[in-house]
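Colleague: fold the following, please.
(one chain, ligands or ions: 1)
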Amino acid sequence: MIDQRDKDTLNPYKFIDLFAGIGGFRIALELAGGKCIFSSEIDKAAQQTYQNNFGKKPHGDITQIEAHDIPNHDILIGGFPCQAFSIAGKRQGFEDTRGTLFFEVARILKEKQPKAFILENVRGLVSHNKGKTLKTIMEVLDSVGYTANYRCLNAKNYGVPQNRDRWYCIGFRKDLNVYFDDHQVNAYQFPKARPLTTTLKDIIETKPLTQYGMSQTASSHMKNHYKLKGLYPSEDQYTLAYEIRRSRCSFSQHQYSPCLTAKMGTGGNNIPVIFELERKLTERECLRIMGFPKWFQIEPLKQSSYKQIGNSVAIPVVEQLAKELIRVLHQTKSGNKQAGNAVTTNVMSYYHVKDDDCVDVLNIGPQMDLFSE
Ligand SMILES: C[S@@+](CC[C@H](N)C(=O)[O-])C[C@H]1O[C@@H](n2cnc3c(N)ncnc32)[C@H](O)[C@@H]1O
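Modeller: Numbering: from 1, shown residues only. Below is the predicted model of the structure:
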């Protein structure tokens with residue numbers, strides 16, 4: 001006889017991947033046991049990367065997609081773009097978010113009523129417009145039928161060697177009676193901080209990578225500022241230099257990298273440079289810093305690839321959030337606390353560090369068997 005858990009394994013939780021980028025969110029959900037049944041991404045270059053890795057091109061502009069054309073799903077995920085908050089909060093209520101891309105999330109939640117969602121954004125969302133934007137967002141989520149809560153989590157505290165502080169919002173459809181209070185039986189628990197086990201040292205390649213060298217001018221600006229700041233090399237950590245200009249340069253000497261952002265794709269000297277090796281981070285190293293698995297492919301030596309990586313998510317953080325979400329959904333379904341606990345497996349079991357695949361990123365075949373829709 002097949003028990004409920006076996007049935008769930010055969011029918012994993014179906015999710016839709018909005019503002020899909022290159023699919024970082026998707027990988028996290030698939031590692032947690034979900035199955036992607038729909039994705040949307042407007043940017044052509046990101047769509048191409050997505051297709052190379054998952055075998056299917058995402059649908060385009062979400063504002064042009066009717067909710068009834070989106071398949072029914074259990075979980076909605078989306079890191080909606082953050083530039084569109086300018087009109088939110090001027091007035092109270094749902095109307096204020098109209099025209100922003102968060103509204104697209106709300107529209108789909110309202111019509112499709114999935115069981116749960118995970119949203120991601122920059123930490124700045126919390127203080128934007130003196131907190132009014134966030135207040136509006138939480139009110140809208142409530143008004144479309146969800147109990148939601150959020151945390152700002154820094155990836156470096158969740159196993160990822162990057163100083164990436166992000167807003168994560170989790171929501172459950174109200175009829176599921178899931179809460180965020182530890183004292184409740186059906187409680188969603190945000191993950192607890194833990195020490196880093198994979199550091200930047202484990203990620204950086206030491207072999208020569210001449211294609212990633214920096215210009216003479218940038219190198220001399222970087223060295224001047226290094227001297228001016230009185231920095232010196234450390235045995236067990238690299239120095240990353242970023243935003244290198246004649247007048248200023250930022251340095252990070254930690255076991256983790258500074259936050260990788262889409263700005264890396266804007267040219268100039270915005271890709272962090274490893275001071276000791278006098279070269280930029282490779283795309284492969286950036287992918288590792290975001291927690292992407294080894295099989296993931298991205299076109300090398302292209303600015304748009306860096307932009308796509310910087311726009312993505314720290315996969316192990318979302319994986320932890322998603323595993324807990326699926327555990328709670330299991331528990332809700334079976335009404336059996338024990339059964340739900342068994343869903344959580346080793347987080348980051350796939351986390352890959354350096355090996356010989358550093359530059360040759362396009363030669364690895366896609367893993368269609370794992371990720372077919
Ligand atoms: C912050 S990124 C999210 C990246 C994604 N979470 C990942 O893991 O790669 C936001 C994405 O939303 C996309 N986007 C912006 N407007 C859109 C629209 N109207 N429809 C679909 N995608 C859109 C952008 O191109 C960008 O890739």
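Colleague: what sits up against stretch 277-289?
Modeller: Stretch 277-289 has contacts (C-beta atoms under 8 Å, 6 or more residues apart in numbering) with 160-162, 200, 203-206, 209-210, 212-214, 219, 238, 240, 257, 260, 264, 271-274, 296, 298-302, 305-306, 309-310, 352-354, 357-359, 361. From N, CA and C alone the C-beta is placed, and that goes for glycine too.
Colleague: closest residue of the stretch 251-373 of the chain to the ligand?
Modeller: residue 312 (3.4 Å; C-beta to the nearest ligand atom).
Colleague: need the contact list for residue 196.
Modeller: Contacts for residue 196 (C-beta under 8 Å, 6+ apart) come out as 156, 159, 160, 161, 255, 256.
Colleague: which helix or strand contains the third one?
Modeller: Using DSSP states H and E, residue 160 maps to neither a helix nor a strand.
Colleague: phi first, then psi, for it.
Modeller: phi -110, psi 120 (degrees, to the nearest 10).
Colleague: which parts of this protein sit against the ligand?
Modeller: Within reach of the ligand by C-beta under 6 Å from any ligand atom, the chain has these residues: 19-22, 24-25, 40-43, 46, 61-63, 79, 81, 101, 311-313.
Colleague: go again with 8 Å.
Modeller: By the rule C-beta under 8 Å from any ligand atom, the part of the chain lying against the ligand is 18-26, 40-43, 46, 58, 60-64, 77-82, 101, 104, 120-121, 262, 308, 311-313.
Colleague: in ChimeraX, select just the buried ones from those residues.
Modeller: In ChimeraX, this line selects whichever of those come out buried by 16 or more other C-beta atoms under 10 Å:
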select :18,19,20,21,22,23,24,25,26,40,41,42,43,46,58,62,77,78,79,80,81,82,101,104,120,121,262,308,311,312,313
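Colleague: just the residues of the chain next to the ligand: which are in helices?
Modeller: Members of the residues of the chain next to the ligand lying in helices (criterion: DSSP state H): 24, 25, 26, 46, 101, 104, 308.
Colleague: for residue 231, state which of those residues is nearest.
Modeller: Nearest to residue 231, judged by C-beta to C-beta, of those is residue 308 at 31.1 Å.
Colleague: next up, the contacts around the residue nearest to the closest one when sequence neighbours are not counted.
Modeller: Spatially, and ignoring its direct neighbours in sequence, residue 308 is nearest to residue 22 (4.8 Å; C-beta to C-beta, 6 or more residues apart in numbering). Counting by C-beta under 8 Å, 6+ apart, residue 22 makes contact with 46, 49, 50, 53, 298, 308, 309, 311, 312.
Colleague: circling back: and the residue lying closest to the residue of the stretch 251-373 of the chain closest to the ligand once chain neighbours are set aside, what does it touch?
Modeller: The spatially closest residue to residue 312, leaving aside those adjacent along the chain, is residue 24, at 3.7 Å (C-beta to C-beta, 6+ apart). Contacts for residue 24 (C-beta under 8 Å, 6+ apart) come out as 290, 292, 312, 313, 315, 318.
Colleague: apply 6 Å and report the result again.
Modeller: By C-beta atoms under 6 Å, 6 or more residues apart in numbering, the contact list for residue 24 reads 312, 313, 315.
Colleague: list the contacts of residue 175.
Modeller: Listed by C-beta under 6 Å, 6+ apart, residue 175 has no contact partners.
Colleague: same check on residue 226?
Modeller: Residue 226 sits next to no residue when contact means C-beta under 6 Å, 6+ apart.
Colleague: would you quantify the distance from it to the ligand?
Modeller: In this view, residue 226 and the ligand are 32 Å apart by C-beta to the nearest ligand atom, to the nearest Å.
Colleague: could I get the buried residue list for the helix or strand containing that residue?
Modeller: For residue 226, the enclosing helix or strand under DSSP H and E is helix 216-228. Buried residues in helix 216-228, counted by 16+ other C-beta under 10 Å: 218, 219, 221, 222, 225, 226.
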